[in-house]
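Enquirer: Coordinates for the following, if possible.
(one chain, ligands or ions: 1)
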Amino acid sequence: MSSTVVAGRDSAFHIVTLGCSKNRVDSDGMDHLLRQRGMRPTADPDGAGVVIVNTCGFLGAARQESIEAIQAIIDRRQDGQVVIAAGCMPALGNHATEIPTGVDHILSTREWYRIGDVVGGLLGEPEVPEVAGCEGMLTTFSRSAAGPSAYVKVADGCDHACAFCTIPSIKGRQASKRPLHVLQEIVDLVAGGTREVVLVAQDTIRYGADLGMKNGLPTLLESIVEQVPDLPWLRMLYIYPSPLTLKMVDVMARHDVLLPYLDMPIQHADRDVLRSMNRPSDIDMTRRLIDHARETLADPVMRTTLIVGYPGETEAQFETLYRFVEETRFDHVGVFTYSPEEGTKAATLPGTVPAEVAERRRAAIMELQHGISLDHNRALIGTTIQVLVEAVGEAEDELGRTEPISAGRARRHAPEVDGMVFIPGAHPVGSLIDVRVEEAGPYDLWAADPLGSTAIEPASRAFGREATRRRVPAARSRAATRRGTRGRGRPVPMATPAGT
Ligand code: SF4
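Expert: Numbers count the residues shown, from 1 in each chain. From the prediction side, this is the model:
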């Protein structure tokens, strides 16, 4: 592979990633391409010759966060430092102009694979041939810095037209990565020690439709199970309610490696609101999908995301949603208040719901779900669960004494949005261990010492030293448990806003 090595700080790059898991995958791709050029990542933006801010443009709040992140880099900019704004914001014609001045280059979300050429050009280097295997935005790449869990983006873009959503105008229509490339990426990840792969897309269940595949995702899942037998956990996120979900659930039931976790954003439960959102309005079909998963899967886990305060949402329509959440008893729920986005159909609708009403509705569902999640978690006390260890740190008690503690996730926890499991002792990061649940909060679980472990070796070699320096967040420590403050400071479980 041809590469250009630049000296000193110029050869280092720093990437700030904002937004959803799909953006994170693009950042991993840029990381890979810059390393291919002989550059090295640094955690210190001041020590980087190139700083890339991979922006999110989905909601006003996310855009504001992106603007502030870029501005912060520009305000502390070092001599000769190159600043690049990438991601979704530049793709939003209406908002691209809000990107702070002083940025050296703007790279749209569907151009991230050009980062090597762009950086080379800005640093005055000769052109480097395109990386082998590069196929535009669906470039397949190996992760130099993957951890025990990694996202794999199987498609980009969206063919739906939900009235509140800017994603189709940012990303365009869905384009799927070829099955062979998805497989190659997963094989590389597993060879590097990754234990959990999380498939993501704007609408993951629609994977392969643009490639002419009829049962794209179920077929892909069968191939992964067959071709990558060493992968212990495979999870799918962002499953749009669709009849194809039934087939996917049937495949999930056949293979233990496919985690029985159904992440199906429904957004609302009232037919008229759903119709206005341009979403599937047959809520009975959604019920059937959930019932089928519960009847078919062993220990199924259900997650959804909801929007409250959509234009025209009446108290009675909100009540319909509230009752649906109460009856369905999801394991995990993320609730957003509606945010009008320029250029969307919903932003032109009458019947604006006052912000305080929307917030009250959000809080009501969160309070309801708090109790439901607590019930689900308490039912696990005394049972044995498998946990993927992701970090080791220290917990401090009231007297300032510290003890090692490991943090990980169970099969019922998706990365970043759900709870965690805390286990006494320092266990190898990347190991899968069986533990008995001792205590439960609405989000997190506390376990006793492990009963056994599997597949420790490859993972501990890959992630051991680096990861043991991480501190387990104090708000989640056993010390907090003992003071009876467990759960305080824990973020409300929110799905990434670009959920389908
Ligand atoms: S909400 Fe999801 S399914 Fe709907 S248009 Fe946006 S990305 Fe597509």
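Enquirer: The lengthiest helix in the chain: what's the following helix or strand?
Expert: Ranked by residue count, the top helix of the chain under DSSP state H comes out as helix 355-378. For helix 355-378, the succeeding helix or strand toward the C-terminus, using DSSP states H and E, is strand 384-396.
Enquirer: Pairing partners for that next one, with directions?
Expert: Paired neighbours of strand 384-396 in the sheet (DSSP bridges): strand 402-410 (antiparallel), strand 432-440 (antiparallel).
Enquirer: Indicate which one of those is closest to residue 204.
Expert: strand 402-410 (19.2 Å; Cβ to Cβ). Just so you know, the C-beta spots here come from the backbone N, C-alpha and C atoms, and that holds for glycine as well.
Enquirer: Give me the buried positions along the closest one.
Expert: 405, 406, 407, 408, 409, 410 (16 or more other Cβ atoms under 10 Å).
Enquirer: can you give me how far it is from the chain middle?
Expert: Relative to the chain's own centre, strand 402-410 is displaced by 22 Å; criterion: Cα atoms, centre = their mean, to the nearest Å.
Enquirer: what does stretch 358-371 give?
Expert: 23 Å.
Enquirer: Also stretch 59-67?
Expert: On Cα atoms, centre = their mean, the centre of stretch 59-67 falls 18 Å from that of its chain.
Enquirer: Any residue of that stretch touching the ligand?
Expert: No: applying Cβ under 6 Å from any ligand atom, one finds stretch 59-67 separated from the ligand by no less than 11.6 Å.
Enquirer: What lies in contact with that stretch?
Expert: Contact with stretch 59-67 is made by 18-19, 53, 55-57, 85, 87, 89, 92, 95, 98-100, 339, 341, 497, as judged by Cβ atoms under 8 Å, 6 or more residues apart in numbering.
Enquirer: Which residue, other than its chain neighbours, is closest to residue 422?
Expert: For residue 422, ignoring the flanking residues on the chain, the nearest one in space by Cβ to Cβ, 6 or more residues apart in numbering is residue 446 at 5.2 Å.
Enquirer: and that neighbour, what helix or strand is that in?
Expert: Assigned by DSSP H and E, residue 446 falls in strand 445-447.
Enquirer: Can you tell me the strand partners of that strand and which way each runs?
Expert: strand 421-424 (parallel), strand 432-440 (antiparallel).
Enquirer: In TSV: those strands, plus mean neighbour count and mean pLDDT.
Expert: Formatted as TSV, the strands paired with strand 445-447 follow (neighbours: other Cβ atoms under 10 Å; pLDDT from 0 to 100):
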stretch	mean neighbour count	mean pLDDT
strand 421-424	24	95
strand 432-440	20	95
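Enquirer: hmm, back to that, my read: the residue nearest to residue 422 touches residue 420, true?
Expert: No: the pair residue 446 and residue 420 fails to qualify as a contact (Cβ atoms under 8 Å) at a distance of 9.8 Å.
Enquirer: What are the boundaries of the helices in the stretch 251-400 of the chain?
Expert: Using DSSP state H, counting those that start in this stretch, the helices of the stretch 251-400 of the chain run over 271-277, 283-296, 315-328, 355-378.
Enquirer: quick one, which of the ones you listed is packed in tightest?
Expert: For the helices of the stretch 251-400 of the chain, the largest average neighbour count (mean count of other Cβ atoms under 10 Å) is found in helix 271-277, namely a mean of 19.
Enquirer: name the helices or strands packed onto that one?
Expert: helix 315-328 (3 or more Cβ pairs under 8 Å, 6 or more residues apart in numbering; DSSP states H and E).
Enquirer: Angles on the backbone of the residue in the stretch 1-150 of the chain that the ligand sits nearest to, please.
Expert: Nearest residue of the stretch 1-150 of the chain to the ligand, counting by Cβ to the nearest ligand atom: residue 58, 8.6 Å away. For residue 58, the backbone dihedrals are phi -70, psi -50 (criterion: degrees, to the nearest 10).
Enquirer: Pull the number of nearby residues for it.
Expert: Residue crowding around residue 58 was assessed by other Cβ atoms under 10 Å; the count is 24.
Enquirer: that older thread, out of the buried residues of strand 402-410, who's nearest the ligand?
Expert: Checking the buried residues of strand 402-410 against the ligand by Cβ to the nearest ligand atom gives residue 409 as the nearest, at 24.4 Å.
Enquirer: Quickly list what that closest one is bridged to.
Expert: Under the criterion used here (DSSP bridges), residue 409 is bridged to residue 388.
Enquirer: who's in contact with it?
Expert: Per Cβ under 8 Å, 6+ apart, neighbours of residue 409: 149, 387, 388, 390, 415, 418, 419, 420, 421.
Enquirer: what residues does the stretch 51-200 of the chain put near the ligand?
Expert: Close to the ligand, as judged by Cβ under 6 Å from any ligand atom, the stretch 51-200 of the chain has residues 158, 160, 162, 165, 167, 168.
Enquirer: quick one, what contacts the last one?
Expert: Contacts of residue 168 were listed using Cβ under 8 Å, 6+ apart, and they are 157, 158, 159, 160, 161.
Enquirer: Name the member of those residues with the most neighbours.
Expert: For those, the largest neighbour count, defined by other Cβ under 10 Å, is 24 neighbours, found at residue 158.
Enquirer: Does that one touch residue 204 like I think?
Expert: No: Residue 158 lies out of contact with residue 204 (Cβ under 8 Å); the separation is 10.9 Å.
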